[in-house]
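Participant: curious how this folds, go ahead:
(one chain, ligands or ions: 1)
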Amino acid sequence: MEITRRIYFIVLGLILTMLIDLYLSSSKNVLIFLAFIRILGIFIAFFYRIIYDNYDKNIDYNTTKTFWSPFKNIFVIIAAIEQAFIMYYIKFSYDLQSILYIIEQVSMPLFVYLWIRRIEKEDFSVLQYIWFEVFDSTNDRDLQSKRKDELLAQLYAPEVFVPLYTGRLLSSVAFKEAWSQFQYNLIMFIVVNFAGGFLGGFRMGIFSLCISRLSIRLRTKLFQSYLQQEIGFFDTHESGKLLSRLNHDTQVMSSTVANNIAQCIGAFVRFIGTLIMMIKLSLHLTIACLIGAPLILIVAKISGNAHRRISEKVQDLSAEAFEIAEETIQTIRTVRSFGNENEELKRFENTLQQSYQVSWIQAILTSAQKWFVELAQLCMSIVMLAYGAKLVRDNYITGPDLLAFIIYELTLGGILSDISQIYTSLMSAAGASYSVFDYLDRKPMQKPSGIIQPHELQGDIEFDNVSLVYPARPDEIAIQNMSFKIKSGQTCAFVGPSGSGKSTCINLLERFYDPTHGKILIDGREIHEYDHKYLHKKIAMVGQEPILFNRSIQENITYAKDNYDETTIIQAAQQVNAHGFINELINGYNTKCGQRGGHLSGGQKQRVSIARAIIRKPTILLLDEATSALDPVNERLIQDSLFYKRDSQEPRTVLISAHRLSTIERCDKIFVIHKGHLIEQGTHDELMTIENGIYHELVRRQRMNIDDD
Ligand SMILES: Nc1ncnc2c1ncn2[C@@H]1O[C@H](COP(=O)(O)OP(=O)(O)OP(=O)(O)O)[C@@H](O)[C@H]1O
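Facilitator: You can find the predicted model right below:
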């Protein structure tokens, strides 16, 4: 039960006893006293809320929770003492109805058990179902569970009876009823309270289970969606932000929303139950009570919308802070070498501070809403008490029934207040969920992969009038109208000044991007017609900055296909002259490479990544500055074994992008690229004959040791 309601319960129990004791004779004074106590309660709740919300949504979430928990317990203990105090004064009895009720309560855990079994069996949860229904999401359309809500409703049922028996108990004391009646009331009081608490525990267990499952599913789906996106998506979306969505926003979604939906169902069940009981007790009083209800719901709607917008902003800002932290940690060597730690810290803190300021608005809004709801409830209570007192005096309703009604009215007020808060929280979570759903629903821009998987791939390559504009730079053409052909088994090179478009050609062959215009053909078929996995088995690439995984050297070499025997792994390492240095490491092939291969030298990383590429025996090998970190001796050895003096049994087309022109002189064909255009092509000797040619000039400059930029 919510803390503020517990306080009201305690205060009200005492006031009602006084009220009845006074036989409503001086109702005016009692009303004034009641109003005073409730206003006091509202102020306590108001300030409690401001502090709690403010701490809760900001920096140190867990510490704050731990800090406030004992206070919550104090309220609960006071409520327990109050209930014990009431019990002390009471007498009771028992009949068939209570037996039936006990049977119903005992059957509840069975339902719960069956429910969990069903969730496990069908691999979805009621919360997911409701979530996707509520937010009309396009995901998990297969989620169907129509009957779970009913079971959930049963779990909330006992709480509906709590006010009835509390009211009866209190009136037993006040009106000094017969012992048997008293006994009955007490048994029912104990049963409903016990059952309510017992099932409450089950509910919480089930919901935490559902939250975990929901969170796992959301994260997996989001991660899956990320992995399907084209490379251009990652150029335009910072990794920190994507990770923040994956880690933080999905958590907010699953916990806040799942919890609130759970409460929402409970509140709805209790609302209906309480309303029925109230109507049964007195229709007139019920109508008098409900006059203020629509106002509460309208305010909830307005503030809910504001919360959604604020929450969106808070999530964006925290994603930004996450991005800063992630970037700084990844580039810590650069940050350290510039001594820029404090500036990075300031950037991080400033972003968090901005979200803190937004949180303040959110906290004030929550408090104001709570205040309004409480005041509306107070007005409803005053109207009801005054009118109720009149009805009792005119003998339209009995004293005990009025008592029960008063407690129902308070419960209803609490439920309405809960509903308004639940709505607000749901809207906040909806704000957090927008970008998650945007990503979940995003369809990759790249053409879907084809299905062809020819038994033999020859390795003929053709660029037919290819142009590319990178998504991150839509106003610049990276390469334009490029056409060339490479025959199977040839070793070719791209040369040209830095930024001319060499890596772009290699990226296109890896299908990181699809050409904006023109076609790329392999063995006469367009590259996108090939099956994704097949294509990447046949085309291997070693990039400019080889990235290794934080796994062993062996696992890195066998990445994505780990059924190689030891001899094959060693052969691949020997081919790139890496076996020697790997053997010298204490753990040999089992040595961990560190994050992004940080435990190895630049040259060692390059050799391991070339071994990773060639172990798959690719038909097309793409090397983008892949040997730039090696010493000339090692570089020549590797180049000889990979392409210049390779085993002719293995037909392989090799494409190299290189700055050190001496390393590509022996190539079958050299393509000279300048500012995104293919300017010259031919063998080294042919190109050297072109007077004032770019290649000629590049070679001349390199021989004279002049920077080619
Ligand atoms: N992911 C990207 N998004 C936007 N623009 C890019 C991207 N990658 C490269 N570019 C731009 O495209 C142009 C060609 O770049 P590319 O990497 O192909 O050059 P390069 O010839 O390989 O250079 P280098 O020899 O320095 O590696 C450059 O102007 C570069 O700034």
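Participant: only C-alpha atoms for contact and neighbour calcs from this point on.
Facilitator: Will do.
Participant: phi first, then psi, for E680.
Facilitator: Dihedral pair for E680: phi -140, psi 150, per degrees, to the nearest 10.
Participant: isn't it up against M688?
Facilitator: No: E680 lies out of contact with M688 (Cα atoms under 8 Å); the separation is 10.7 Å.
Participant: what's the neighbour count on D394?
Facilitator: Other residues near D394 number 10, with proximity taken as other Cα atoms under 10 Å.
Participant: likewise the one 4 residues further on?
Facilitator: For T398, the number of neighbouring residues by other Cα under 10 Å comes to 14.
Participant: and it, how far from the ligand?
Facilitator: As judged by Cα to the nearest ligand atom, to the nearest Å, T398 and the ligand stand 79 Å apart.
Participant: the nearest residue to that residue once chain neighbours are set aside sits in which helix or strand?
Facilitator: Once flanking residues are discounted, T398 sits nearest to V392: 5.9 Å by Cα to Cα, 6 or more residues apart in numbering. Here V392 is covered by helix 341-393, with elements defined by DSSP states H and E.
Participant: check which helices and strands that helix sits against.
Facilitator: helix 27-56, helix 283-290, helix 293-330, helix 399-441 (3 or more Cα pairs under 8 Å, 6 or more residues apart in numbering; DSSP states H and E).
Participant: ok, residues contacting stretch 315-323?
Facilitator: Stretch 315-323 has contacts (Cα atoms under 8 Å, 6 or more residues apart in numbering) with 238-242, 244-245, 249, 348-349, 351-352, 354-355, 431-432.
Participant: change it to 6 Å
Facilitator: Stretch 315-323 has contacts (Cα atoms under 6 Å, 6 or more residues apart in numbering) with 240-241, 244, 348, 351, 355, 432.
Participant: likewise stretch 557-571?
Facilitator: Residues outside stretch 557-571 that contact it (Cα under 6 Å, 6+ apart): R612.
Participant: so for it, what gets flagged as buried?
Facilitator: Using 16 or more other Cα atoms under 10 Å as the test for burial, stretch 557-571 gives 557-559, 569-570.
Participant: using CSV, list the CA coordinates for it.
Facilitator: C-alpha atoms of stretch 557-571 as CSV (Å, rounded to 0.1, in the frame of the first residue of the first chain):
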residue,chain,number,x,y,z
ILE,A,557,42.5,-16.0,-36.2
THR,A,558,39.5,-18.4,-36.4
TYR,A,559,36.9,-15.6,-35.9
ALA,A,560,33.5,-16.4,-37.4
LYS,A,561,34.5,-20.0,-38.3
ASP,A,562,36.1,-21.9,-35.5
ASN,A,563,36.4,-25.4,-36.8
TYR,A,564,40.0,-25.2,-38.1
ASP,A,565,42.5,-27.7,-36.9
GLU,A,566,45.7,-26.6,-35.2
THR,A,567,47.9,-27.2,-38.3
THR,A,568,45.7,-24.9,-40.4
ILE,A,569,45.9,-22.1,-37.8
ILE,A,570,49.7,-22.4,-37.6
GLN,A,571,50.1,-22.5,-41.4
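Participant: so for that stretch, mean pLDDT?
Facilitator: Mean pLDDT, computed over stretch 557-571, is 82.
Participant: again, but for stretch 269-281
Facilitator: Computed over stretch 269-281, the mean pLDDT rounds to 79.
Participant: of the helices and strands packed on helix 341-393, give the one that comes closest to F223.
Facilitator: helix 399-441 (8.7 Å; Cα to Cα).
Participant: just want the angle from that closest one to helix 341-393.
Facilitator: On the basis of axes from the mean of the first three to the mean of the last three Cα atoms, to 10 degrees, helix 399-441 is oriented at 150 degrees to helix 341-393.
Participant: relative to helix 293-330, how tilted is helix 399-441?
Facilitator: Using the same axes, to 10 degrees: helix 399-441 against helix 293-330 is 40 degrees.
Participant: the residue of the stretch 101-250 of the chain found nearest the ligand: neighbour count?
Facilitator: Nearest residue of the stretch 101-250 of the chain to the ligand, counting by Cα to the nearest ligand atom: D235, 5.8 Å away. By the criterion of other Cα under 10 Å, D235 has 13 neighbours.
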